[in-house]
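Engineer: Fold the following and give me the result.
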Amino acid sequence: MHSALPKVLHPIAGKPMLQHVIAACSALAAARMAVVYGHGGAQVQQAITHPHISWALQAEQKGTGHAVAQAIELAADDDLVLVAYGDVPLIRTQTLQALATAAQDCALAVLSTQLTQPTGYGRIVRDQQGRVQAIIEEKDADTATRQIAEVNTGFMAARAVHFKRWLSQLNPQNSQGEYYLTDCVGLAVAEGKRVQTVLCADSLEVEGVNNRVQLAQLERVAQQRQVSALQLAGVTVADPARLDIRGTVSAAPDVFIDVNVVLEGEVTLATGVQIEPNCVLKNVSVGAGCRIKAFSHLEQAVIAADCDIGPYARLRPGTELAEGAKIGNFVETKQAKIGSGSKVNHLSYVGDTVMGADVNIGAGTITCNYDGSNKHQTTIADGVFVGSGTQLVAPVHIEADATIGAGSTITQRVAANSLALGRARQAAIANWQRPIKEKK
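Structural biologist: Sure, this is the predicted structure:
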């Protein structure tokens, strides 16, 4: 990967590859999981959190068999052990379940797939009766073996007692000088035990990542899967190739998503939401009938029904919009609760604010919430009208139905139903001569 970041931490659809594999395994209701780590192990342990993970160090990289051997003693002899890979992020729980089920009826179950171009993969070798005899790695295979299209994916399942016995018999007598996990197949056959394959019909599901080209290819596959799921749930996506989902999206029917939209973290979209081009939503809940106009950026915000946002709006963490609120173009909010029907239409900043219903905030209004050391709150009651170009210096309280004249700087409480002005006195000098620049 040519990276300081361990390979399994490179993201697919917004989550580390290893996290995808752990999620697929977790859905099996496994008793516990063991992650075998080597290079960058501290980073991996810090990035991956799960309540049922044990960690096993592979200090020397001596092959897949050696890796499994570092963790196998964590399992009781009768435990069913499934071996998965942290750089195969698209594996599905259903496929793992099929592999585990097959292992109940044989000594060793191997997940295989068919490839038209199997170069680089270990081949599944069978006898004339079709029984699995061995897995031969590409570098150790002869010409005839390399013609086999059925390949090993690396995923296996067997009782721990079998793995312990076979792993103790592995030797590195091969072209790479490694302990191959695949040699367990030959050892099982030599003992007269049955080895069964489970065919994975979708080869992309078991595709591994070894470089950034493959990472990008699987990213597109992951995106296609997620977008297809949204479409089948009733969401209209203007162009599936230009929607990126980097987390989990829950969307109701009749949502419309235009091009170049990015959805990150946990995103919930209610019925009838419209998202225009070039928007980013991260950890956001959007109520029914809302319209998010082009080039808007929403993060950790909660939006009630029938709100209108943007274009070019930025809703920062802690923003809450009540039903029918409007945030207009080039408006920024942060830690702000905007009441029902209230409007912040143009070029304003509203931060650390609690705003009531039916408030109108004029263009260029700023809540001055930070004194250089601490944040302070602005409270604006129902029905307040704030004229353009106003500065509200927090902490300050504007009571119900008050009016703030344009261009004011407000530093004190404003009483209900009053007009507050805080302008500098205007002066005029007659016959003023503007300075003239001298010619050179």
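
Engineer: Skipping adjacent residues, who's closest to residue 151 in space?
Structural biologist: residue 121 (3.6 Å; Cβ to Cβ, 6 or more residues apart in numbering). For glycine as for every other residue, the C-beta is placed from the backbone atoms N, C-alpha and C.

Engineer: Please read the previous query as pertaining to residue 421.
Structural biologist: For residue 421, ignoring the flanking residues on the chain, the nearest one in space by Cβ to Cβ, 6+ apart is residue 405 at 4.2 Å.

Engineer: quick revisit: checking my notes, the residue nearest to residue 151 in a strand, right?
Structural biologist: No. Read with DSSP: H, G, I helix; E, B strand; the rest coil, residue 121 is coil and lies in no strand.

Engineer: mind checking how far it is from residue 287?
Structural biologist: Counting by Cβ to Cβ, to the nearest Å, the gap from residue 121 to residue 287 is 49 Å.

Engineer: neighbour-wise, which of these two wins?
Structural biologist: A direct count of neighbours by other Cβ atoms under 10 Å for residue 121 and residue 287 places residue 121 higher, at 24 against 21.

Engineer: Wait, that one touches residue 152, no?
Structural biologist: Yes. Residue 121 is in contact with residue 152 according to Cβ atoms under 8 Å; the separation is 6.4 Å.

Engineer: ok, residue 42 - how many residues close by?
Structural biologist: Neighbours around residue 42, by other Cβ under 10 Å: 9.

Engineer: Assign it to helix, strand or coil.
Structural biologist: helix.

Engineer: Repeat that for the one 3 residues further on.
Structural biologist: Recorded secondary structure, residue 45: helix (three-state DSSP).

Engineer: Chain neighbours aside, what residue packs nearest to it?
Structural biologist: Per Cβ to Cβ, 6+ apart, closest to residue 45 is residue 55, 6.1 Å.

Engineer: Can you give me the neighbour number for the one you found?
Structural biologist: 16.

Engineer: Now do the contacts for it.
Structural biologist: Residues near residue 55 by Cβ atoms under 8 Å, 6 or more residues apart in numbering: 34-35, 37, 41, 45.

Engineer: Can you tell me which of the residues you listed are classed as buried?
Structural biologist: The neighbour-count criterion (16 or more other Cβ atoms under 10 Å) marks 34-35, 37, 41 among those as buried.

Engineer: pLDDT-wise, what's the bottom of those?
Structural biologist: Taking these together, the minimum pLDDT is found at residue 41 (89).

Engineer: In contact with it, which residues?
Structural biologist: 6, 55, 57.

Engineer: These in helices, which ones?
Structural biologist: Applying DSSP state H to those, no entry is found in helices.

Engineer: pLDDT weak spots in the protein?
Structural biologist: 31 (pLDDT under 70).

Engineer: how's it carved up into domains?
Structural biologist: 7-201, 293-420 (automatic domain parsing).

Engineer: Figure out how far the shortest one is from the centre of its chain.
Structural biologist: Spelled out, it's domain 293-420. On the basis of Cα atoms, centre = their mean, to the nearest Å, domain 293-420 sits 31 Å off its chain's mean C-alpha point.

Engineer: ok now stretch 193-204, how far from the chain's centre?
Structural biologist: Its chain's C-alpha centre lies 30 Å from the corresponding centre of stretch 193-204 when counted by Cα atoms, centre = their mean.

Engineer: Could you double-check that residue 37 sits in contact with residue 47?
Structural biologist: No. Contact criterion Cβ under 8 Å: residue 37 and residue 47 do not qualify, at 11.1 Å.

Engineer: Report the set of residues contacting both of the two.
Structural biologist: Here residue 37 and residue 47 share no contacting residue, scored by Cβ under 8 Å, 6+ apart.

Engineer: Might you report the residue contacts of residue 181?
Structural biologist: Residues in contact with residue 181 (Cβ under 8 Å, 6+ apart) are 63-65, 67-68, 83, 154, 156.

Engineer: is it true that residue 22 lies in a strand?
Structural biologist: No. Counting by three-state DSSP, residue 22 is not found in a strand; it is helix.

Engineer: List the contacts of it.
Structural biologist: 33, 35, 48, 50, 53.

Engineer: Now which of those residues would you call buried?
Structural biologist: 33, 35, 48.

Engineer: Select the longest helix from the chain.
Structural biologist: helix 212-232.

Engineer: and that one, what does it pack onto?
Structural biologist: strand 11-12, strand 236-237, strand 243-251 (3 or more Cβ pairs under 8 Å, 6 or more residues apart in numbering; DSSP states H and E).

Engineer: so can I have CSV of the contacts of residue 41 showing distance to residue 202?
Structural biologist: Converted to CSV, those look like this (distance: Cβ to Cβ, whole Å):
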residue, distance to residue 202
6, 27
55, 31
57, 33
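
Engineer: of all those residues, which comes closest to residue 337?
Structural biologist: Checking those against residue 337 with Cβ to Cβ, the nearest one is residue 6 at 41.5 Å.

Engineer: can you tell me which residues contact the nearest residue to residue 400 once chain neighbours are set aside?
Structural biologist: Spatially, and ignoring its direct neighbours in sequence, residue 400 is nearest to residue 381 (4.0 Å; Cβ to Cβ, 6+ apart). Neighbour list for residue 381: 356, 397-402, 416 [criterion: Cβ under 8 Å, 6+ apart].
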